[in-house]
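Engineer: Need a 3D model of the following:
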Amino acid sequence: MNVKAVQQRIMAALFLAQGLFTAATIAAFTLSPIIAAELGGRDGVAGLPSTVTLLGRAAVAYPAGWLMDRIGRRLGLSLGFLLGIAGAVVSVVAILYGSLSAFLFGAFLLGGLRGIAEQGRYVAAEVFPVARRARAIGIVVFAGTLGAIGGPLLVGPAEAWLANLGVIGWTGPFVAAGVLLAVGLVICFLMLRPDPLQVGRALEQAQTLSRVGGAAASDAPVAGLWAIFRRPALRLSVLAMSISQLVMLLLMVVTPLHMDHQNHDTPVISLVIMAHTLGMFGLSGLSGWLVTRVGALPTIAAGTLVMVASAVMTPLVIAVPLLGLALFLLGLGWNICFVAGSALLAQAVSADERGRVQGASEAFVALASGLGSVGAGVLFEQAGMVLLSAVSLALCAVMLAATVFAAMPGRRAHYAQPSSGPAPGRSEAVEV
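Structural biologist: Next up is the predicted model:
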C-alpha cells in the first residue's frame with residue numbers, strides 16, 4: 001500500500017477529529033461553572049466541573065493507552081468520542097432534571113474523552129518516520145486553533161436555538177458538542193484505515209531492516225512500563241510537558257481575576273485570553289519545524305525561555321497590549337515545549353510500547369493541570385501575581401537545568417533522533 005496516501009488520509013482524519021473535539025469541549029465547558037453554581041445553589045461549586053474533568057482525563061488516559069496497544073488506535077479513539085457523546089447526553093439530562101451530581105458525572109465522561117483524544121497527536125506521529133514526527137504533531141495541535149475559535153462561537157446560537165424550542169437554553173452547547181463529537185466518531189471510525197498502529201509497526205520494521213541490511217527484526221519481549229520510564233529521553237519529555245502545562249495554568253487561570261482587580265472590563269479580558277489561545281495553537285507548525293531543524297533539546301530550552309519572559313512580564317505590566325503580549329508568549333512557550341516534548345516521547349518508544357507510555361504521560365500532564373488550576377487560586381490569594389510569577393520562574397529553572405544536563409557531552413546520545421527513512425533505493429511502498 002502506498003504509504004503517502006495512507007499518511008495523508010490519517011492526517012486529514014486526525015486534524016478534523018482534533019478540531020471537532022476541541023470545539024466540542026470548549027463549547028461544553030463555557031457555561032459549566034455557571035450551570036454548576038445554579039444546580040448547586042451556591043457559587044462555591046462553580047469550579048467543580050473543571051476539577052472533575054481533570055480527574056476524568058487523568059483516570060482514563062493510561063487505561064486508554066494500554067487498550068489502544070491491544071485493539072488499535074482507530075477503535076481506541078472511537079471509544080473516546082463515544083465516551084464524550086455519553087458525557088454530553090448525561091449533561092443535557094442533568095440540566096433538564098436539575099441534578100448537580102449527574103452534571104458532574106457528565107463532566108467526568110467528557111474529561112475521559114480528553115484523556116483519549118489528546119493522544120491523537122501521537123497517533124499522527126507514529127505513521128511518519130522519526131524526522132517528520134514533530135511536524136505531524138504540530139499540525140494536529142494546530143487543529144486546536146479551529147476548535148478554540150469555533151467552540152465559543154457555537155455557544156450563543158445553540159443556547160438560543162434550544163430556548164426557542166422551549167428547552168432550557170443551557171442544554172444548547174452540550175447538544176452542539178454531542179453533534180460535533182458524533183461527526184468526529186464517524187471520521188475516526190471510517191478514515192483511520194489501515195489502523196495507524198499497524199502502519200507504525202510496518203514503518204518501524206522497514207526502518208529496522210534498512211539499518212541492519214535486511215536482517216530480521218528482534219523478537220525481544222516488550223519492556224515493562226517502569227523500565228520504559230527509566231529512559232532519559234522519556235523522563236525529559238514528560239517533565240517538559242508537565243512543567244509547561246503547570247506554568248501555563250498557574251499564570252493563565254487567574255489572569256482574568258488579576259485584570260479585574262486592575263479594573264479591566266470583560267471585553268478587554270476576553271481579548272487577552274484570545275491572544276493567549278492564539279499563542280497556544282496558532283504557531284504549532286512553527287514549533288514542529290523548529291524541532292525538526294534544531295532538535296528537541298534546544299527547542300524545549302527555547303520554549304522555556306519564552307515562558308520565562310511571560311512570567312517576568314505578567315505581574316509587572318498593566319497596559320492591555322503588554323498583558324496580551326505576555327499571555328501570548330505564555331501560550332507560545334507552552335506550545336513549543338508541548339510539541340517538542342511530544343516529539344521526544346514519540347521517538348523514545350517503539351510501536352508496541354507507545355500506547356501505554358502515551359497514556360501514562362497524559363495522566364501526568366492532567367495531574368499537572370489539576371495542580372495548576374487548584375494552586376493558582378491559593379497562591380494568588382496569598383501574594384498576588386508576584387508569587388505566581390516566582391513559582392513559575394522556579395519551575396522554568398528546573399526545566400532549563402534538566403535540559404542543559406541532557407545536552408552535556410556524553411548524554412546527548414540518549415536524546416538524539418535515530419536514523420529514519422528507507423535505505424537508498426528502497427521503495428516508499430510498505431506492506432501494512
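
Engineer: Tell me where the longest helix sits in the protein.
Structural biologist: Secondary structure of the chain per DSSP state H: the longest helix is helix 351-406.

Engineer: From the chain's centroid, how far away is that one?
Structural biologist: Helix 351-406 has its average C-alpha position 14 Å from the chain's average C-alpha position, going by Cα atoms, centre = their mean, to the nearest Å.

Engineer: just checking, what packs against the helix or strand where I273 lies?
Structural biologist: Taking DSSP states H and E as the definition, I273 sits inside helix 266-281. Counting contacts by 3 or more Cβ pairs under 8 Å, 6 or more residues apart in numbering; DSSP states H and E, helix 266-281 packs against helix 130-164, helix 232-252, helix 255-261, helix 320-348. C-beta here means a position set from N, CA and C on the backbone, and glycine is covered the same way.

Engineer: out of these, deepest packed?
Structural biologist: Greatest average neighbour count among these goes to helix 320-348 (a mean of 25), per mean count of other Cβ atoms under 10 Å.

Engineer: just the angle between it and helix 232-252, please?
Structural biologist: With axes from the mean of the first three to the mean of the last three Cα atoms, to 10 degrees applied, the angle from helix 320-348 to helix 232-252 works out at 160 degrees.

Engineer: Who are the packing partners of helix 320-348?
Structural biologist: Packing partners of helix 320-348 (3+ Cβ pairs under 8 Å, 6+ apart): helix 120-126, helix 130-164, helix 232-252, helix 255-261, helix 266-281, helix 284-294, helix 296-313, helix 351-406.

Engineer: Off-centre distance for that helix?
Structural biologist: 11 Å.

Engineer: Equivalent analysis for stretch 73-86, please.
Structural biologist: Here stretch 73-86 is found 16 Å from its chain centre; the criterion is Cα atoms, centre = their mean.

Engineer: low-confidence ranges in the protein?
Structural biologist: Scanning the chain for pLDDT under 70 picks out 1, 43-44, 47, 207-223, 266-267, 270, 373, 410-432.

Engineer: and the helix or strand encompassing P63, what does it pack onto?
Structural biologist: Using DSSP H and E, P63 sits within helix 48-71. Here helix 48-71 touches helix 3-30, helix 32-40, helix 73-97, helix 100-117, helix 351-406, going by 3+ Cβ pairs under 8 Å, 6+ apart.

Engineer: pull the CA atoms of that helix into CSV?
Structural biologist: The C-alpha coordinates for helix 48-71 follow below in CSV (Å, rounded to 0.1, in the frame of the first residue of the first chain):
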residue,chain,number,x,y,z
LEU,A,48,-16.2,21.5,40.4
PRO,A,49,-16.8,20.7,36.7
SER,A,50,-13.3,21.7,35.8
THR,A,51,-11.8,19.7,38.6
VAL,A,52,-13.9,16.6,37.8
THR,A,53,-13.0,16.9,34.1
LEU,A,54,-9.3,16.8,35.0
LEU,A,55,-9.9,13.8,37.2
GLY,A,56,-11.6,12.1,34.3
ARG,A,57,-8.8,12.9,32.0
ALA,A,58,-6.2,11.5,34.4
ALA,A,59,-8.2,8.4,35.3
VAL,A,60,-8.9,7.4,31.6
ALA,A,61,-5.6,8.3,29.9
TYR,A,62,-3.4,5.3,30.9
PRO,A,63,-6.1,2.6,30.6
ALA,A,64,-7.0,4.0,27.2
GLY,A,65,-3.3,4.0,26.0
TRP,A,66,-3.0,0.4,27.3
LEU,A,67,-6.2,-0.6,25.4
MET,A,68,-5.0,1.1,22.2
ASP,A,69,-1.9,-1.1,22.2
ARG,A,70,-4.3,-4.1,22.0
ILE,A,71,-7.3,-3.1,19.9
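
Engineer: ok, back up a step: which residues sit against the helix holding I273?
Structural biologist: By Cβ atoms under 8 Å, 6 or more residues apart in numbering, the residues outside helix 266-281 that reach it are 141-142, 144-145, 148, 248, 252, 255-256, 259-260, 320, 323-325, 327-335.

Engineer: Can you add distance to L55 and give the helices and strands packed on helix 320-348 back as TSV?
Structural biologist: Output for the helices and strands packed on helix 320-348, formatted as TSV (distance: least, Cβ to Cβ, whole Å):
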stretch	distance to L55
helix 120-126	21
helix 130-164	22
helix 232-252	15
helix 255-261	23
helix 266-281	22
helix 284-294	27
helix 296-313	26
helix 351-406	7
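
Engineer: okay, which residue is most central for the chain?
Structural biologist: E118 (4.7 Å; Cα atoms, centre = their mean).
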